[in-house]
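> need coordinates for the following:
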Amino acid sequence: MPVMPIEVTIRQQDAPPGIKRYAELRATKLVEEFPRIESVRVVVDMQRHMYEAQVVAQQKNLTAVGSKEFADNARAAIDTAVARVEKQLRKTIRKRKHSYTRVASRK
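Coordinates of the predicted model:
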């Protein structure tokens with residue numbers, strides 16, 4: 001099984017300890033649940049007094065699915081951003097399963 005590229009970026013020097021490892025863990029779970037994902041990028045930033053987490057998942061034959069969330073806690077921001085990406089991925093899978101092709105009628 002090829003290694004999925006998971007990129008985690010922390011944009012501030014005084015990040016809570018272990019936040020990068022936590023983001024990698026959440027991204028790994030996302031890749032395990034959705035095997036069509038080619039790469040995941042997580043960016044954690046501090047904006048004034050709020051943490052901002054942005055998660056972007058790139059799937060095969062699909063555009064990137066992303067979400068940006070704000071929270072008082074870095075882990076909470078990561079959790080909500082990953083949850084929204086999961087919801088979007090499930091929605092695209094559901095649309096793909098229930099889509100149909102139109103057949104032209106013959107005269």
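> state the distance from Asp14 to Met46.
Distance, Asp14 to Met46, using Cβ to Cβ, to the nearest Å: 8 Å. Placement of C-beta: from N, CA and C, glycine included.
> low pLDDT regions in this protein?
Applying pLDDT under 70 to the chain picks out residues 1-4, 63, 97-107.
> and the helices in it, which stretches?
19-33, 74-98 (DSSP state H).
> quick check: closest non-adjacent residue to Ile10.
Once flanking residues are discounted, Ile10 sits nearest to Val44: 5.1 Å by Cβ to Cβ, 6 or more residues apart in numbering.
> now do the contacts for that neighbour.
Counting by Cβ atoms under 8 Å, 6 or more residues apart in numbering, Val44 touches 8-11, 15, 19, 23, 51-53, 74, 77-78.
> mind running it again at 6 Å?
Ile10, Ala53, Ala74 (Cβ atoms under 6 Å, 6 or more residues apart in numbering).
> what residues does Arg26 make contact with?
Ile78, Val82.
> separation between it and Arg96?
Taken as Cβ to Cβ, the span from Arg26 to Arg96 is 24 Å.
> what is the burial count for Val82?
Using other Cβ atoms under 10 Å, the number of residues around Val82 comes to 22.
> I misspoke; the intended subject was Phe70.
15.
> test my guess that it contacts His49.
No. Under the criterion of Cβ atoms under 6 Å, Phe70 makes no contact with His49, lying 10.2 Å away.
> list the buried ones in stretch 81-99?
Within stretch 81-99, the residues scored as buried using 16 or more other Cβ atoms under 10 Å are Ala81, Val82, Arg84, Val85, Glu86, Leu89.
> understood, closing this out.
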